[in-house]
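**Q** whatever this is, show me its structure:
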Amino acid sequence: MRTFMRSVHYAVEGIAYAVRTQRHIRVHLTTTVIVCIAAAWARLSPLEWTALLIMCAVVISLEMLNTAIELTVDRMGLERHPLAKAAKDVAAGAVLLAVVFAIVVGILLLGPPIWQRVFGA
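**A** Numbers count the residues shown, from 1 in each chain. Okay, the predicted model is just below:
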């Protein structure tokens, strides 16, 4: 149990570091709060909530992995290298793809009920 608690402690430290130092993590967290407020207002079903929360978790998790990759590559050396650039670009691309899909899921799930509540149609 002690090893598990130590692992949880390190994970929480990692999350805190990311929130404290990474602007994009804070943007994603703020967006998640806004999406949750919109979902509550739109009265989404539990399954729709699940889809939204999974997408938010995927985006935030990938952003944290992107940060870890960038930190690791930077630790290896600050000189420019094509493989270092590729590693950073691929990680950033993964975040971008997740964000695009999250936006699509958000529009599909939130669009119709919000439209109906605002315009009554």
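
**Q** where does the chain have low pLDDT?
**A** Along the chain, segments meeting pLDDT under 70 span 121.

**Q** excluding chain neighbours, what is closest to the residue most central in space within it?
**A** Centroid-nearest residue in the chain, with Cα atoms, centre = their mean: residue 60, separated by 2.0 Å. Residue nearest to residue 60 in three dimensions, not counting chain neighbours: residue 28, with 5.0 Å by Cβ to Cβ, 6 or more residues apart in numbering. C-beta coordinates here come from the backbone N, C-alpha and C atoms, glycine included.

**Q** how close does that neighbour sit to residue 86?
**A** Counting by Cβ to Cβ, to the nearest Å, the separation of residue 28 from residue 86 is 24 Å.

**Q** before we move on, the earlier item: state the helix or strand in which the residue nearest to the centre of the chain lies.
**A** helix 46-76 (DSSP states H and E).

**Q** tell me what that helix is packed against?
**A** helix 2-21, helix 23-42, helix 82-119 (3 or more Cβ pairs under 8 Å, 6 or more residues apart in numbering; DSSP states H and E).

**Q** now mean neighbour count and distance to residue 76 too, for those helices, in JSON lines please.
**A** Formatted as JSON lines, the helices and strands packed on helix 46-76 follow (neighbours: other Cβ atoms under 10 Å; distance: least, Cβ to Cβ, whole Å):
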{"stretch": "helix 2-21", "mean neighbour count": "11", "distance to residue 76": "19"}
{"stretch": "helix 23-42", "mean neighbour count": "14", "distance to residue 76": "22"}
{"stretch": "helix 82-119", "mean neighbour count": "14", "distance to residue 76": "7"}
